[in-house]
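*Asks:* model the structure of this input:
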Amino acid sequence: MHPLEHLRRYRLWLCLSLGLGASAYGQPVSELLPGADGLALKVWVFHPPQQASDAQRPVVVALHGCGGIYATVGSRKGQLSARHQGMTDLLLAQGFSVVWPDSLTPRQETSLCEQRMASRQVRQSHRRSDVHTTLAWLGQQAWTDQQRVALLGWSHGGSAVLASSDSTQQPPPSSVKPDIALAFYPGCADALRRAYQPTWPVHMLLGALDDWTPAAPCVALGQKASMSFKVYPDSHHGFDNPVGQVQHLPRVPNGQHPGMGVHAGRNPVTGPQAWQDVLDLLKKRWPDPVAH
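*Replies:* Purely as a prediction, here's the structure:
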């Protein structure tokens, strides 16, 4: 990577951490998609400004974690969180469109993080349905390069990457199938217990110190299912968040040590590395230049 590009990405992280990270790419467009369960799925669509409106371009479908898409406190309240906006801006700068399905708000939820797994009303079957609803809609858009569509998910959204790519689950017919999927710190225990095999290439980005969705089951899953993965040292759950610091979250009931809470927060070294790894993996998969 050119040193100036390296500096630019670290500067983005600094701006976001100081609360200065307003998007340079304008406002997204919202769409309501008819979901398989009769629910209208809301998606936010971001387009790169340097592309003609009907020009085909790669698309990244981004999947939020248990806390949803939006920031809940501070100056960004009600907007995409700093992590979501920062990654969106990086992808837009590469000429990709980015689509964010909102799996919580239409189901009258704002966060699942402090709910026990057994009591959650939004399950991975819903997330999988939302992914396939979004993919079917993308197949109808003139600007979708149907050969270059990726999934990118965090935590609960990383688990949604696994759920939607599970070859044992028959997906609905669609002209669009992801060419690659990237999952930040997914929960892998359920997939490990099943005969999970990915339908398309999946790469996992894992934190070595993660006590919420620990890396070990994902490493075992990757080895069992021939999936690629990278474990980032000295990194907790949410290590790629460009704002905040590592915190103990005592009210989260699900984790490696039930009843003892979990830790989550950024690592200012491995977080930017992981973001760069995402871009490198996409560029390796899609070598033709798309940014002009």
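*Asks:* is Val98 bridged to anything, and to what?
*Replies:* Phe46, Val60 (DSSP bridges).
*Asks:* so where do the strands sit in the stretch 101-250 of the chain?
*Replies:* Under the criterion DSSP state E, counting those that start in this stretch, the stretch 101-250 of the chain contains strands at 144-154, 180-184, 202-207, 228-232, 247-249.
*Asks:* what's next to the longest one, contact-wise?
*Replies:* It stands for strand 144-154. Residues from elsewhere that reach strand 144-154 (C-beta atoms under 8 Å, 6 or more residues apart in numbering): 56-65, 83, 87, 97, 131, 135, 138-139, 159-161, 164-165, 175-186, 238, 240, 278, 282, 285-286. C-beta here means a position set from N, CA and C on the backbone, and glycine is covered the same way.
*Asks:* in ChimeraX, how would I select the buried members of these?
*Replies:* Only the buried entries of these go into this ChimeraX selection, using 16 or more other C-beta atoms under 10 Å:
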select :56,57,58,59,60,61,62,63,64,65,83,87,97,131,135,138,159,160,161,164,165,176,178,179,180,181,182,183,184,185,186,238,240,278,282,286
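*Asks:* pretty sure His237 sits against Phe184.
*Replies:* No: at 9.2 Å, His237 does not count as touching Phe184 under the criterion of C-beta atoms under 8 Å.
*Asks:* between these two, which contacts overlap?
*Replies:* In contact with both His237 and Phe184: Ser155, using C-beta under 8 Å, 6+ apart.
*Asks:* phi first, then psi, for the closest residue to Cys113 other than its chain neighbours.
*Replies:* Distance criterion C-beta to C-beta, 6 or more residues apart in numbering; nearest residue to Cys113, sequence neighbours excluded, is Cys66 at 4.3 Å. Note on Cys66: its backbone torsions stand at phi -70, psi -20 [degrees, to the nearest 10].
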